[in-house]
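Enquirer: Attaching a predicted model along with its sequence, questions to come.
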Protein chains: 4
Amino acid sequence: MIKVSIVGARGRMGSHVVEAVKAAEDMELSLTLDAGDDLTQITAENTDVVVEFTVPSVTLDNVLTLVGQGVDVVVGTTGWTEGRLAQVREALEATANELQSVFIAPNFAISAVLADHFARLAAPYFESAEVVELHHPDKVDAPSGTAIHTAQGIGEARAKAGLGPVPDNTQTDGGSRGQVVDGVHVHAVRLRGLNAHEEVLFGNAGEQLTIRADSFDRGSFMPGVLLAVRKVNSGDFPGLTVGLDHFLDL
Amino acid sequence: MIKVSIVGARGRMGSHVVEAVKAAEDMELSLTLDAGDDLTQITAENTDVVVEFTVPSVTLDNVLTLVGQGVDVVVGTTGWTEGRLAQVREALEATANELQSVFIAPNFAISAVLADHFARLAAPYFESAEVVELHHPDKVDAPSGTAIHTAQGIGEARAKAGLGPVPDNTQTDGGSRGQVVDGVHVHAVRLRGLNAHEEVLFGNAGEQLTIRADSFDRGSFMPGVLLAVRKVNSGDFPGLTVGLDHFLDL
Amino acid sequence: MIKVSIVGARGRMGSHVVEAVKAAEDMELSLTLDAGDDLTQITAENTDVVVEFTVPSVTLDNVLTLVGQGVDVVVGTTGWTEGRLAQVREALEATANELQSVFIAPNFAISAVLADHFARLAAPYFESAEVVELHHPDKVDAPSGTAIHTAQGIGEARAKAGLGPVPDNTQTDGGSRGQVVDGVHVHAVRLRGLNAHEEVLFGNAGEQLTIRADSFDRGSFMPGVLLAVRKVNSGDFPGLTVGLDHFLDL
Amino acid sequence: MIKVSIVGARGRMGSHVVEAVKAAEDMELSLTLDAGDDLTQITAENTDVVVEFTVPSVTLDNVLTLVGQGVDVVVGTTGWTEGRLAQVREALEATANELQSVFIAPNFAISAVLADHFARLAAPYFESAEVVELHHPDKVDAPSGTAIHTAQGIGEARAKAGLGPVPDNTQTDGGSRGQVVDGVHVHAVRLRGLNAHEEVLFGNAGEQLTIRADSFDRGSFMPGVLLAVRKVNSGDFPGLTVGLDHFLDL
């Protein structure tokens, strides 16, 4: 049994993690902490892996403290920069335990991570590629960071394969052709009832390939979180790992 | 048997009409004319209905001549304005035959006409609505005239139902949210391999309705053309009729 | 303000209705009752409309009692037969209030009701039609009642329009062609993560029309429930009405 | 310039290959042969690569003859068994040219090959998986060979990952749940207007991944055929290669 403690346990994501850990047959729930709680309660005795879902302003301090406590950490909080990641790497190198590990992911939805990966693989083989992302109307940014990341991956793969620009003979447009990211047109739909969705469209003469990832609710992140807990605990990924794709056998 | 003559018979659309009429069990092909041919060869003796697919610069003259010849006309050429339509109405009123009719349609694809109609019917019942059109990359205008028409229909139906603006909390956007037509966001995708496609998305809390019309090739217009020939020939639609929706029992 | 009481208020659907009524600006929540509570607490003084979401074994008695109490009733419980509906009609005729009304719906999802309606309207214009329904894997029946209803509607509309059987040259099939309902092939997909979804596919040479309704969660029924409360309360639908389509302006 | 000859040049596929080779900037069309023509006209002097699209009854003899002529061969004809493939391997081993190569593919649509490959990669990460294939109504077999192949790949990947059966609580079904191939439900839709399409659906709690390949017409196979000609001519694939996925960098 993997002993899992959760930091940010009463938050929107954390409360889902609590339930997911309880339901997992190979895990047992240890401590559940929130803002104001003392993180040094978490030790290598009571915890194998900590799942940390808090806010950008505190997550770095939390992770550094937890590394000092000698436990592995899975981090779902956003806001990580190269400088912050470097601090985590240093902290890990300073520990005596060579197998200790920290995992940070911008997106725990397996379907979204796979879609992004497949888009990059498929890109060299198609003349045309566009990205449509669809979200609930309360989202403040457009397009989504995930869609930008996917478009960049497609752009890179096309460049590496020596493909030129996508064919586009549009001469008059009032703004309907979307935002161009690394040569790839990206469209953002906002619709009540949706959560987070991405569709990648590829086209050649006579054929189309479509890859679509739907995240219907926060529960969609739990399989990815549990996978990360298991991988981090396995000892196969010492040090800092960023991105769920490293845990998928692709 | 309905005797059908075709003007523009060697054109891209006309050549499809020739084949479609030959294959229709209730029609027989009479004359097939093209640019330079004398339209007065077409008479009420050899022709019940003329199908006219030419170019905007000659279609008005063609229709006026054919009305004078005493035959019904189905017109697929674009470029009609209110002033041009008025000239056709006058010509029809001047004929002795009260049942004589002219039919003009911007789109003969039944799926597209139905999608447009259903979008207008559904619009009052949803908080959110957006339109995505997808075409081959050689199309010069974006978004398509059909998508603009659909968005306008949704906007009108929302206004009539007293709905306010669609919910949209976007605060930063680099152009991905598309072109806003009567309050409805319209997105245009251009992809090699596609022909002409439209998707209308409606959303409420917890639910989505999607209506999609795909036109894979020019053959998609033939069922609509044959339907128009039959309706025009029935005598049930004297005078000028514009739009295939008038011939559908909706 | 419409005074709304709820019978079955702690049930899966009822608890959503409680929240929806609280959030509606034109309604106020009156009584919330459950199994064992005395329905005669509900009177025309404290209640304009009752929403009843219970179980098939008690719903008829509940409705008859509530009609006797002189209030309008919106019923979401299933299991209604012609005989049971007749008893409700008799009870309504026996009341002094000519405007009193009962509304019963098998499906309150507006998107599903519209998809069903549009499918029937579109059916006469296409050679081919098939239905694919998709649900969570805990559903015990396949295909869904909604999909059967849609297929029957398509079958009726095709028959009325004089269409023959759908084209199908399949000669060897191991069971992949689905269940045939009134001549229409119906397919059922069961997928973890889904809730209730239906896709209707129509095809002609060169074109396709697709109508899809997605119900992502129970919240999707609330706009339909609130619409029914308002319509029942309006006095425009005296007597018994079955089916949400009667309240949509189609 | 790669010198390409075509066997079966007047056939449905072969005639498309003739046009595609003519349009390719790095190829020139050499001989175009059909049933009854002498294949020994094709030699290493006039031809680098032969594309063979004929019928199952003659393709083996054609390939053996062409191998004897010292040219590389790309084969699109179906009906290959292990025994027939072994004969091709023997013939290749008997030639003096170690780089000589034969390539055989059941499907040249890049989108279909990628979808099949991605389905296998994604399968270990999802509780549920189903396949829906959609074709024109003149297809005689259901489900398609491609869909069976995809389902088998998913089944194998699930078994290898230690996944149990897909969740499915269906208790009453009239045939709508499709054909079960290696534990994966496969559905076949037949619709006028379609050509060849496959959709693979994966589901976890709260999320869905959809991979869809559309082949709108025979032109969709040409990018795959040209890719095969280039790869076979490169000398990087001596001997017999089966399946277009070997030529994609995945």
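Expert: Noted; the coordinates are in hand.
Enquirer: Now do the top helix by length along chain A: distance to the chain's middle.
Expert: The longest helix of chain A (DSSP state H) is helix A:145-160. Centre-to-centre, helix A:145-160 and its host chain are 16 Å apart (CA atoms, centre = their mean, to the nearest Å).
Enquirer: Mind listing residues that contact that helix?
Expert: A:106-107, A:112, A:115-116, A:119-121, A:123-124, A:129, A:131, A:133, A:181-184, A:186, A:188, A:196, A:198, A:200, B:176 (CB atoms under 8 Å, 6 or more residues apart in numbering or on different chains). Placement of C-beta: from N, CA and C, glycine included.
Enquirer: buried ones in it?
Expert: A:Thr146, A:Ala147, A:Ile148, A:His149, A:Thr150, A:Ala151, A:Gln152, A:Gly153, A:Ile154, A:Gly155, A:Ala157, A:Arg158 (16 or more other CB atoms under 10 Å in any protein chain shown).
Enquirer: now the helices for chain A?
Expert: So, for chain A - with DSSP H - the helices run A:12-23, A:56-68, A:82-93, A:110-122, A:145-160, A:222-233.
Enquirer: For the nearest residue to A:Ile104 once chain neighbours are set aside, give its distance to chain D.
Expert: Once flanking residues are discounted, A:Ile104 sits nearest to A:Val75: 4.4 Å by CB to CB, 6 or more residues apart in numbering or on different chains. According to CB to the nearest CB, to the nearest Å, A:Val75 and chain D sit 20 Å apart.
Enquirer: pretty sure A:Val75 contacts A:Glu52?
Expert: Yes. Shown here, A:Val75 and A:Glu52 form a contact pair, counting by CB atoms under 8 Å, at 4.8 Å.
Enquirer: Overlap in contacts, the two.
Expert: Common contacts of A:Val75 and A:Glu52 (CB under 8 Å, 6+ apart): A:Thr59, A:Val63.
Enquirer: is it possible to export the helices of chain A to CSV including mean pLDDT?
Expert: Converted to CSV, the helices of chain A look like this (pLDDT from 0 to 100):
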stretch, mean pLDDT
helix A:12-23, 95
helix A:56-68, 96
helix A:82-93, 96
helix A:110-122, 97
helix A:145-160, 96
helix A:222-233, 95
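Enquirer: looking at these, which is closest to D:Arg192?
Expert: Of all the helices of chain A, helix A:110-122 sits nearest to D:Arg192, with 29.3 Å by CB to CB.
Enquirer: list the helices and strands that closest one packs on?
Expert: Here helix A:110-122 touches helix A:145-160, strand A:196-204, strand A:207-215, helix A:222-233, helix D:110-122, strand D:196-204, strand D:207-215, going by 3 or more CB pairs under 8 Å, 6 or more residues apart in numbering or on different chains; DSSP states H and E.
Enquirer: quick one: the residue nearest the centre of chain A from A:Thr59, how far?
Expert: Residue closest to the mean C-alpha point of chain A, counted by CA atoms, centre = their mean, is A:Asn107 at 1.7 Å. Here the criterion is CB to CB, to the nearest Å. By it, A:Asn107 lies 16 Å from A:Thr59.
Enquirer: With A:Gly153 instead?
Expert: Remark: distance between A:Gly153 and A:Thr59 (CB to CB) = 25 Å.
Enquirer: Likewise for A:Arg177?
Expert: 38 Å.
Enquirer: Check A:Phe108 too.
Expert: Applying CB to CB, the value for A:Phe108 to A:Thr59 is 15 Å.
Enquirer: for A:Arg192, same thing?
Expert: 31 Å.
Enquirer: Ok, A:Ala24 next?
Expert: From A:Ala24 across to A:Thr59, the span is 23 Å (CB to CB).
Enquirer: More neighbours: those two, which one.
Expert: A:Thr59 (23 against 18; other CB atoms under 10 Å in any protein chain shown).
Enquirer: tell me the contacts of the more buried one?
Expert: Applying CB under 8 Å, 6+ apart, the residues contacting A:Thr59 are A:Glu52, A:Val75, A:Thr77, A:Gly79, A:Trp80.
Enquirer: Could you tell me how far it is located from C:Thr150?
Expert: In terms of CB to CB, A:Thr59 sits 49 Å off from C:Thr150.
Enquirer: Let me see the backbone angles for the closest residue to A:Gly76 other than its chain neighbours.
Expert: Of all residues not flanking A:Gly76 in the chain, A:Phe53 sits nearest, at 4.5 Å (CB to CB, 6+ apart). Main-chain dihedrals, A:Phe53, degrees, to the nearest 10: phi -130, psi 90.
Enquirer: A:Phe53: neighbour count?
Expert: Neighbour count for A:Phe53, taken as other CB under 10 Å: 23.
Enquirer: ok, now A:Gly235?
Expert: A:Gly235 has 13 nearby residues by other CB under 10 Å.
Enquirer: ok, it touching A:Leu99?
Expert: Yes. A:Gly235 lies in contact with A:Leu99 (CB under 8 Å); the separation is 4.6 Å.
Enquirer: got the contact list for A:Val55?
Expert: A:Thr77.
Enquirer: repeat that with 10 Å
Expert: A:Gly8, A:Gly11, A:Ala35, A:Asn62, A:Thr77, A:Thr78, A:Gly79 (CB atoms under 10 Å, 6 or more residues apart in numbering or on different chains).
Enquirer: Closest residue of chain A to chain C?
Expert: At 5.8 Å from chain C, A:Phe216 is the closest residue in chain A, using CB to the nearest CB.
Enquirer: Run a quick neighbour tally on that residue.
Expert: Residues lying near A:Phe216 (other CB under 10 Å) number 22.
Enquirer: Quick check, it in contact with D:Gly206.
Expert: Yes. Counting by CB atoms under 10 Å, A:Phe216 does reach D:Gly206; the two are 5.1 Å apart.
Enquirer: Now do the closest residue to A:Leu209 other than its chain neighbours against D:Thr170, distance only.
Expert: In this structure, A:Leu209 finds its nearest non-sequential neighbour in D:Ser111, 3.9 Å apart by CB to CB, 6+ apart. From D:Ser111 across to D:Thr170, the span is 31 Å (CB to CB).
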